[in-house]
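Asks: no sequence on this one, just coordinates:
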């Protein structure tokens, strides 16, 4: 009977291992897409275990942080440069880092948050404002000391928007509201009524003091920056994940059905709408002669101001992160692809790619 | 369509949407606080009701096996072939075949639990969607009639625990895995209370039953300790309902856990 019992225990152990591997497979999806930003001639990429500094002219790696792979430390929020030259990046390990952009050495860390940093920090003259999934916005000075924190009612995944006119910041929250907060002391100036859905994209502020945002309630909403009241709403076909962006006349918004909308800034009236066939999760890049839009199925679109497609380029992997403009290139950060960054010129010619060495 | 898409369509999407649907109804009545935990409990009750025919089958198979092992024919071959294991096994299989009893049929409901456990774990993690990738994935899996915008993000707190993380209760600086302990206890109780008394303590059924009683609580406890608290909540609720179901059918055998009552009559 010993033999049967041993076989049975073996079977249970195999089932346990199978179970653990299946469930581990689910857990391993707890990630995000790369966060990319550019300052001068250097691109800063946060993805998985490292923050990379890359030369935007050649695509060569300048440094990476940390030096060694640490599975407990992962980065996905696009790094932010402060006016005094610190590179700020938050990790999924609940720590906010200040790095020296020259060599990636650590200046200081802030470890008072209790959850992960999903969204990028905002840096202004008043300080560094880091949204955290623990429902708090942390205001930190340039030495890493906490100035104040502001509690929302749900996780904060989006970079706040600065308003220099009032030394205030606008904080989008997954609790369906936007908060206007005094950047100096963290006091609430106003908050919107619930907007019908979570907000995970950064709002844009126009010179006319109108704040544009998108919600999971399939809406693009324009709000008065003075008091948070609604100016207009435009219905989309699916969740509006990416924050809207602006040029002089128009606001550009997108949804998870792959629709790109051009709306009148003042009235919200639709000017044109095109469908790019796959989810759009981050804002388009606006240049004087084209809009660059990345879609989840790995296609970068160059769209003319009249909504016609100028060119498309497909990369291996997904394009969830926003395209970023470098001096001589449009950079796209790739999720699950052969390369981490692909650089194109304005005509869609590939200039270089970046794949980190192991 | 690959296996992962089929798994997703048949198991994960219905589970996620059922959880979201229950959560949505609860939230509209009571507000979001603690409601995802309650949704998991209600969902578990639904699963146990749906799998009740299997539970009933398990009980019937266990009883049939017990009756078979008490039969004269069975006892005779045990004695006759006690020194010839191979022949004994052949004869046992013959009797199983004749009587239409499968020695493994009572294991089936337990085995069926494994895909449910995997599916539920993935569904909980997917529904809670604590990272952008998970939330984006969730957005593609929600059925149109679920009021997603109103309920997302789900409130992941239930009592003292965060349902997306392994549970620990901090008592004076010591992190105690309360749910893990409860999972081990309730799994052990369920196995013991539902195990039929075997006529031959040394036979294959008794041997497997003994191994099951020992290893299942440890396996479930390890899963509860390692994975999200939502899964542990499912285990505890499922075990308690299993005990209740067996109790309602009059099949609980208290003699298995109360040694002093070994000779008492079984609760019918």
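Replies: Cool, the structure landed. A quick note: this is a predicted structure, and the numbers were derived from the prediction, not measured.

Asks: Locate residue B:24 within the secondary structure: which element?
Replies: The secondary structure element spanning residue B:24 is helix B:13-30 (assigned by DSSP states H and E).

Asks: Need the residues that contact the helix or strand following that helix.
Replies: Helices and strands here follow DSSP H and E; after helix B:13-30, the next one along the chain is helix B:35-50. Among residues not part of helix B:35-50, those counted as contacts by C-beta atoms under 8 Å, 6 or more residues apart in numbering or on different chains are B:15, B:18-19, B:22-23, B:26-27, B:55, B:116, B:120, B:124, B:127-128, B:154-156, B:158-159, B:161, B:163, B:230, B:233-234, B:237-238, B:241-242, B:245. Using the backbone N, CA and C atoms, a C-beta is placed for each residue, glycine as well.

Asks: let's see it at 7 Å
Replies: Contact partners of helix B:35-50, identified using C-beta atoms under 7 Å, 6 or more residues apart in numbering or on different chains, comprise B:18-19, B:22-23, B:26-27, B:116, B:124, B:154-156, B:158-159, B:163, B:230, B:233-234, B:237-238, B:241-242, B:245.

Asks: cool, stretch B:21-30 as well?
Replies: B:35-36, B:38-39, B:42-43, B:146-147, B:151, B:154.

Asks: in that stretch, what counts as buried?
Replies: By 16 or more other C-beta atoms under 10 Å in any protein chain shown, the buried positions in stretch B:21-30 come out as B:21-24, B:26-27.

Asks: just curious, which of those is nearest to residue A:150?
Replies: Sorting the buried residues of stretch B:21-30 by how near they are to residue A:150, with C-beta to C-beta, puts residue B:27 at the top with 25.2 Å.

Asks: From chain A, how far off is that closest one?
Replies: Residue B:27 sits 13 Å away from chain A, going by C-beta to the nearest C-beta, to the nearest Å.

Asks: Show me which of the contacts of stretch B:21-30 are buried.
Replies: B:35-36, B:38-39, B:42-43, B:146, B:151, B:154.

Asks: ok and the residue in chain B nearest chain A?
Replies: When you check chain B against chain A by C-beta to the nearest C-beta, the closest residue turns out to be residue B:149, at 3.7 Å.

Asks: Checking my notes, that residue in a helix, right?
Replies: Yes - Residue B:149: assigned to a helix according to DSSP: H, G, I helix; E, B strand; the rest coil.

Asks: what about stretch B:76-93, average pLDDT?
Replies: Summarised as a single mean, pLDDT over stretch B:76-93 is 83.

Asks: Can you get me the start-to-end distance on it?
Replies: The distance separating the two terminal residues of stretch B:76-93, taken as C-alpha to C-alpha, to the nearest Å, comes to 14 Å.

Asks: in chain A, which spans are helices?
Replies: Using DSSP state H, the helices of chain A run over A:2-27.

Asks: For residue A:184, give me its contacts.
Replies: Listed by C-beta under 7 Å, 6+ apart, the contact partners of residue A:184 are A:126, A:167.

Asks: before we move on, what about the one 4 residues further on?
Replies: The neighbourhood of residue A:188, defined by C-beta under 7 Å, 6+ apart, consists of A:179, A:181.

Asks: which residues does it bridge with?
Replies: The residues paired with residue A:188 through beta bridges, assigned by DSSP bridges, are residue A:181.

Asks: And it, how close does it get to residue B:44?
Replies: As defined by C-beta to C-beta, to the nearest Å, residue A:188 lies at a distance of 41 Å from residue B:44.

Asks: next one: residue B:15
Replies: 11 Å.

Asks: go on, residue B:254?
Replies: Between residue B:254 and residue B:44 the distance, using C-beta to C-beta, works out to 24 Å.

Asks: Compare neighbour counts for these two and give me the winner.
Replies: Legend: neighbour count by other C-beta atoms under 10 Å in any protein chain shown for residue B:254 and residue B:44, higher for residue B:44 (21 against 12).

Asks: residues touching residue 158, list them.
Replies: Picking chain A for this. Residues in contact with residue A:158 (C-beta under 7 Å, 6+ apart) are A:119, A:131, A:172, A:199-202, A:243.

Asks: try chain B instead
Replies: Here residue B:158 is in contact with B:34, B:36-37 (C-beta under 7 Å, 6+ apart).

Asks: Where does pLDDT dip in chain A?
Replies: Judged by pLDDT under 70, chain A has its weakly predicted residues at A:1-30.

Asks: sorry, back to before: Serialize the contacts of stretch B:21-30 to TSV and add fields for distance to residue A:192 and pLDDT.
Replies: Rendered in TSV, the data for the contacts of stretch B:21-30 read as follows (distance: C-beta to C-beta, whole Å; pLDDT from 0 to 100):
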residue	distance to residue A:192	pLDDT
B:35	24	96
B:36	25	95
B:38	29	96
B:39	28	96
B:42	33	96
B:43	34	93
B:146	24	96
B:147	20	96
B:151	19	96
B:154	22	94
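
Asks: Next to chain A, which bits of chain B? Give me the list.
Replies: For chain B, the residues in contact with chain A (C-beta under 7 Å from any C-beta of the partner chain) are B:114, B:117-118, B:121-122, B:125, B:131-134, B:136, B:139, B:148-149, B:152-153, B:202, B:204, B:207-208, B:211, B:215, B:219, B:223, B:227.

Asks: Now intersect the residues you listed with the helices, please.
Replies: Within those, membership in helices is found for B:114, B:117-118, B:121-122, B:125, B:132-134, B:136, B:139, B:148-149, B:204, B:207-208, B:211, B:215, B:219, B:223, as judged by DSSP H.

Asks: my read is residue B:112 is in a helix, agree?
Replies: Yes - inclusion of residue B:112 in a helix is indicated when three-state DSSP is applied.

Asks: Can you tell me the closest non-neighbouring residue to it?
Replies: Nearest in space to residue B:112, with sequence neighbours left out and distances taken as C-beta to C-beta, 6 or more residues apart in numbering or on different chains, is residue B:54 at 6.0 Å.

Asks: Help me confirm that that neighbour is found in a strand?
Replies: No - the assignment for residue B:54 by three-state DSSP gives helix, which leaves it out of any strand.

Asks: ok, back up a step: so can I have TSV of the contacts of stretch B:21-30 showing distance to residue A:318?
Replies: TSV is the format used below for these (distance: C-beta to C-beta, whole Å):
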residue	distance to residue A:318
B:35	33
B:36	29
B:38	36
B:39	31
B:42	36
B:43	31
B:146	25
B:147	28
B:151	26
B:154	25
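
Asks: out of those residues, which one sits closest to residue A:299?
Replies: Nearest to residue A:299, judged by C-beta to C-beta, of these is residue B:146 at 29.3 Å.

Asks: any idea which of the buried residues of stretch B:21-30 is closest to residue A:54?
Replies: Nearest to residue A:54 among the buried residues of stretch B:21-30: residue B:23, at 43.0 Å, using C-beta to C-beta.

Asks: For that closest one, give its distance to residue B:43.
Replies: Using C-beta to C-beta, residue B:23 is found at 9 Å from residue B:43.

Asks: are any of the residues of chain B next to chain A buried, and which?
Replies: With neighbours counted using 16+ other C-beta under 10 Å, those contain these buried positions: B:117-118, B:121-122, B:125, B:131-134, B:136, B:139, B:148-149, B:152-153, B:204, B:207-208, B:211, B:215, B:219, B:223, B:227.

Asks: related to what we said a few turns ago, which pair of the buried ones among the contacts of stretch B:21-30 spans the longest distance?
Replies: Between all members of these, the longest pairwise span (C-beta to C-beta) is found for B:38 and B:146 and amounts to 17.2 Å.
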